[in-house]
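**Q** okay, sequence plus prediction incoming.
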There are 4 protein chains.
Amino acid sequence: MSNTQVTLIQIDNYGPWTVTPAPRREVDLQTMQSRLFADLSQHFGMQGGYAFFTRFDNMVAITNGMDLEDHARIQESVRNRYPVTVSFGVGHDERPARALVEATAQLQDEGSAQDEQRTEVLRGQPIEDDERTDSDVQIAHYDVVDATGKYTDELDAFSTFIQIEQGYASLMRHLHDEHGSLAFFVGGDNIIALTSGMDDAAFEETVTYVREDADVELQVGVGHGATAHDAGMAAKHGLETCRERGTHIEGEFC
Amino acid sequence: MSNTQVTLIQIDNYGPWTVTPAPRREVDLQTMQSRLFADLSQHFGMQGGYAFFTRFDNMVAITNGMDLEDHARIQESVRNRYPVTVSFGVGHDERPARALVEATAQLQDEGSAQDEQRTEVLRGQPIEDDERTDSDVQIAHYDVVDATGKYTDELDAFSTFIQIEQGYASLMRHLHDEHGSLAFFVGGDNIIALTSGMDDAAFEETVTYVREDADVELQVGVGHGATAHDAGMAAKHGLETCRERGTHIEGEFC
Amino acid sequence: MSNTQVTLIQIDNYGPWTVTPAPRREVDLQTMQSRLFADLSQHFGMQGGYAFFTRFDNMVAITNGMDLEDHARIQESVRNRYPVTVSFGVGHDERPARALVEATAQLQDEGSAQDEQRTEVLRGQPIEDDERTDSDVQIAHYDVVDATGKYTDELDAFSTFIQIEQGYASLMRHLHDEHGSLAFFVGGDNIIALTSGMDDAAFEETVTYVREDADVELQVGVGHGATAHDAGMAAKHGLETCRERGTHIEGEFC
Amino acid sequence: MSNTQVTLIQIDNYGPWTVTPAPRREVDLQTMQSRLFADLSQHFGMQGGYAFFTRFDNMVAITNGMDLEDHARIQESVRNRYPVTVSFGVGHDERPARALVEATAQLQDEGSAQDEQRTEVLRGQPIEDDERTDSDVQIAHYDVVDATGKYTDELDAFSTFIQIEQGYASLMRHLHDEHGSLAFFVGGDNIIALTSGMDDAAFEETVTYVREDADVELQVGVGHGATAHDAGMAAKHGLETCRERGTHIEGEFC
Ligand SMILES: Nc1nc2c(ncn2[C@@H]2O[C@H](COP(=O)(O)OP(=O)(O)OP(=O)(O)O)[C@@H](O)[C@H]2O)c(=O)[nH]1
Ligand SMILES: Nc1nc2c(ncn2[C@@H]2O[C@H](COP(=O)(O)OP(=O)(O)OP(=O)(O)O)[C@@H](O)[C@H]2O)c(=O)[nH]1
Ligand SMILES: Nc1nc2c(ncn2[C@@H]2O[C@H](COP(=O)(O)OP(=O)(O)OP(=O)(O)O)[C@@H](O)[C@H]2O)c(=O)[nH]1
Ligand SMILES: Nc1nc2c(ncn2[C@@H]2O[C@H](COP(=O)(O)OP(=O)(O)OP(=O)(O)O)[C@@H](O)[C@H]2O)c(=O)[nH]1
Ligand SMILES: [Ca+2]
Ligand SMILES: [Ca+2]
Ligand SMILES: [Ca+2]
Ligand SMILES: [Ca+2]
């Protein structure tokens, strides 16, 4: 079984900020949000973590190997460079979904996401160093088979987008409800899922499910490691093996 | 009726690049993609346009008021600052969805999104200056009623995300299939839709549809203007009016 | 004679901010400052202007063709995305140095750079549209001859830097005091000067001066145009001609 | 005595790139360069280092505590996100200036800065972990006394700039030639110097020198530590003490 550490990232009191004193230009909000995410991706990435944009005002990161001090350093950097601040809740569990429940509770216990007073919360329990193992993180990197040939080059861009979106919606709900896993769209036709203890048959089942539910053909590479980066890179190599061999599921299961 | 000009933005030959010579670090791809989007948002925004991240490798912009030369300048700036290049297809039509069909065709006619030779395409027919009017763009800014109280502060972050995502999936498909409109998730609980000729009753119908289909309660501000920014800002003010009056639909219809 | 419009950009009350409530991390200040400059460079650049980093808390831009509304839009974008705000003073004159005196006075009249109350000043008199001509801006792009062979590949990096720096210090003072011109270091071995009414002999004199004063050999391309970009691009082509012909001064004088 | 580790950062073959196939827009070069620097500042900063923009095509970083693998990770991130690549040469020595001589030699041994074949060099000898001490880095943070009152609010912006620039030019040369130290302008009226074994009297001498040579009044905070960040933060607090006490030199000497 894995032991996933996740961090919930919340922009403090963001909703009111977007309309104070008057609604702010949408293009500036878009730029601010996506650059903040880009920076967080680098910050967490430099220490082996992964960050996902999710809703942009609420983002999720895999943070195995990072302690609260590492998190505090990132909060400081954001405060020094952005007009907004961020709160972090940290949780860990065998099941990724439960780890995020725990991380969310850490923030909710401190007040509302739209509470003016609640800023830069930093709470939760990172995994102790001596409890970490080389297979704490399991990552499944899903991708649509021949998205370019079947969709991008064939349909109009929005119809393609709807297809990809439906595949994602189907997979994210299924993985969450049936496998306690968290799946994130990462652009293109790619979905990165934070899974736990799933074997070959379990992944097979997910691919079949999405084919039947949303009519989208997926392939998936699976990896594990001590950090998101290690697990994720192994998963990417699994996906390359799928491409070479024309298979649907490749990787290391645990 | 409106006359929407949209631009399809495609990163050239991006799939192969992400795995050449070996799979690239995911955190770097995330950073690169989201910063590219952030820059495009500013570039188009400086001329009154809106850009949406969509799939990140394929983005959509509303570009009323911009000609091909304006587009070329942006391509040049991307080429000078990123490891990738972008192609632009431009289309316009009364119906936003048809405008994007046209924009997509401009790129597809030149070859595949994964054709090594096909770089920096710039094709399509912007609206002539003397055909532009003050109501060419209609924007509907949708938002979930009390997302913070009902979801963010109550559910765990992924369950909230699933709710928001389902609301978006429901709305995007309905607006596309029934109203020829394009809806984009812009973060938080916000969806910006590029619509056309919809009146109060039509918007009412969409809100009802999503309530019944996905059990998500939406409010919507509507605006129109010569550019995305003008229309979008009016829509945002409509949304503020909804909040003040406790209504669901506010704005200018045409 | 040219008619240069310059804008003085000042980060509001920046000194106190850097140490409130305690000294902020230097690396964050460096990142914030240089990204702010990068954004301003794009913002002004999109409208044909040039921005120079100068002291980073005080920057200078060439803004021919931009009115106060264009400036206000940039202020808004900065406010929406950074933890600081900026003030703009605009001036114009035949002599670039006098234009900057005027631009500076616009800000000083409103209070101190470290006055908490003085934020987002926007003052000054842009050139009227009907007074603009195709030769309002004259730009001289100076560059050290064979900097790579003589310095970068030969000396240690700091000794090279001292050489380049001395060349710049010599040129900036001479151009300012003798020609009413403003010279900015733009990285590498490059200096971009905002000049006015200088002919071939005048540029010859500056190159000779720096050779004798600082023992640095310069070449220079000169251009003019309605905007900084037009003039600057012509200057760059002049420099390329110097390289091809082995000459020291090339370009269009006026 | 300290033991400073410095890294010379060189953009590979940058000169030719700026004019291939034709001169690139200056505003794009400015944006690209300053964002690259901003990212490097964060990357090195996340591990306790400092990066200085210097000439932008050649930058210098203090990297005590970082090994070659840490450097390689940064090279990879740059390659994945920018149109250019960077080479790193690492050196260390009691004297900062000699450390940079060593770092420069590492790159020069591999070829010219404008050699097309010479890309992503990574060479040099970081300090062994067991040789590191808590006083390896000495940093002196210099700042002009009352720059706002004496210059910014009084003179025009360029005249102020000339004054600050002259103070910097005077100090950088003096510290280099007489003390084997490296001084970098970091914006505003601030200069950060990487010094070694200088005591109170030695700093006094530098302040007197600049007062007499360039007529600029400096104050300086001094700190030491295991990393640039530790030393630099102590130096900043020294500077705050100068401000409180009205003194010119404060800090820890070693
Ligand atoms: N985030 C992320 N996106 C990727 C990665 N690889 C590819 N993509 C995206 O996926 C899109 C499609 O590329 P591919 O999956 O290589 O192309 P395809 O046509 O589906 O072909 P196959 O997957 O080989 O069947 C690209 O445009 C990228 O946006 C990756 O490693 N990470
Ligand atoms: N892109 C974008 N996102 C916004 C905007 N306004 C709010 N948001 C996002 O929406 C989230 C929720 O904020 P609100 O919609 O103000 O909060 P709420 O709890 O739903 O309350 P009401 O909408 O007032 O019922 C914020 O965290 C932002 O992410 C906007 O103008 N643009
Ligand atoms: N800002 C800016 N910097 C440039 C430009 N061209 C070159 N540089 C910088 O100048 C440095 C040296 O490049 P060159 O001037 O081409 O090389 P050189 O060895 O001096 O050779 P010649 O100038 O051809 O004699 C590069 O590393 C860049 O930093 C430019 O157009 N703008
Ligand atoms: N890089 C950097 N720049 C700073 C820092 N503190 C101040 N500055 C810059 O220095 C400029 C002047 O600020 P101060 O030095 O506080 O102001 P002053 O008027 O000289 O007053 P005193 O230094 O207190 O005598 C600011 O605008 C900033 O650009 C810092 O910690 N780092
Ligand atoms: Ca695929
Ligand atoms: Ca809402
Ligand atoms: Ca040169
Ligand atoms: Ca000062």
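**A** Now that the structure is in, tell me what you want to look at. Ligands and ions are numbered 1, 2, ... in the order given.
**Q** after the helix or strand where residue A:142 lies, next one along is what?
**A** Element membership of residue A:142 [criterion: DSSP states H and E] is strand A:137-144. Following strand A:137-144 in sequence order, the next helix or strand is helix A:147 (DSSP H and E).
**Q** what helices and strands are in contact with the next helix or strand after that next one?
**A** Counting by DSSP H and E, the next helix or strand C-terminal to helix A:147 is helix A:157-179. Contacts defined by 3 or more CB pairs under 8 Å, 6 or more residues apart in numbering or on different chains; DSSP states H and E place helix A:157-179 against strand A:137-144, strand A:182-185, strand A:190-195, helix A:200-214, strand B:58-62, helix B:96-108, helix B:157-179. Using the backbone N, CA and C atoms, a C-beta is placed for each residue, glycine as well.
**Q** buried residues, helix A:157-179. List them.
**A** A:157-176, A:179 (16 or more other CB atoms under 10 Å in any protein chain shown).
**Q** just want the angle from it to helix A:200-214.
**A** 140 degrees (axes from the mean of the first three to the mean of the last three CA atoms, to 10 degrees).
**Q** starting at the chain centroid, how far to helix A:157-179?
**A** 14 Å (CA atoms, centre = their mean, to the nearest Å).
**Q** and if you look at stretch A:120-131?
**A** Taking mean C-alpha positions (CA atoms, centre = their mean), stretch A:120-131 and its chain are 18 Å apart.
**Q** what is the end-to-end distance of it?
**A** Stretch A:120-131 has an end-to-end distance of 27 Å (CA to CA, to the nearest Å).
**Q** pLDDT on that stretch, on average?
**A** Regarding stretch A:120-131, the rounded mean pLDDT is 97.
**Q** next one: it, is it in contact with chain B?
**A** No - on the criterion CB under 8 Å from any CB of the partner chain, stretch A:120-131 is out of touch with chain B, staying 13.0 Å away.
**Q** got a list of contacts for that stretch?
**A** Residues outside stretch A:120-131 that contact it (CB atoms under 8 Å, 6 or more residues apart in numbering or on different chains) are A:3, A:5, A:7, A:12, A:63-64, A:66-68, A:71-72, A:75, A:79, A:85-92, A:102-103, A:106-107, A:109-110, A:136.
**Q** change it to 7 Å
**A** Stretch A:120-131 is contacted by residues A:3, A:5, A:12, A:64, A:66-68, A:71-72, A:75, A:85, A:87-92, A:103, A:106-107, A:110 when judged by CB atoms under 7 Å, 6 or more residues apart in numbering or on different chains.
**Q** pull out the buried members of these.
**A** A:3, A:5, A:12, A:64, A:66, A:71, A:75, A:85, A:87-92, A:103, A:106-107, A:110.
**Q** inside strands: which ones of those?
**A** A:5, A:87, A:88, A:89, A:90, A:91, A:92 (DSSP state E).
**Q** doesn't residue A:5 make contact with the fourth one?
**A** So the one you mean is residue A:89. No - counting by CB atoms under 7 Å, residue A:89 stays clear of residue A:5, with 11.5 Å between them.
**Q** mind listing what residue A:108 touches?
**A** Applying CB under 7 Å, 6+ apart to residue A:108 gives the contacts residue B:153.
**Q** what's the spacing between the residue lying closest to residue A:172 once chain neighbours are set aside and residue A:60?
**A** Sequence neighbours aside, residue A:183 is the residue nearest to residue A:172 in space, at 4.3 Å (criterion: CB to CB, 6 or more residues apart in numbering or on different chains). As defined by CB to CB, to the nearest Å, residue A:183 lies at a distance of 11 Å from residue A:60.
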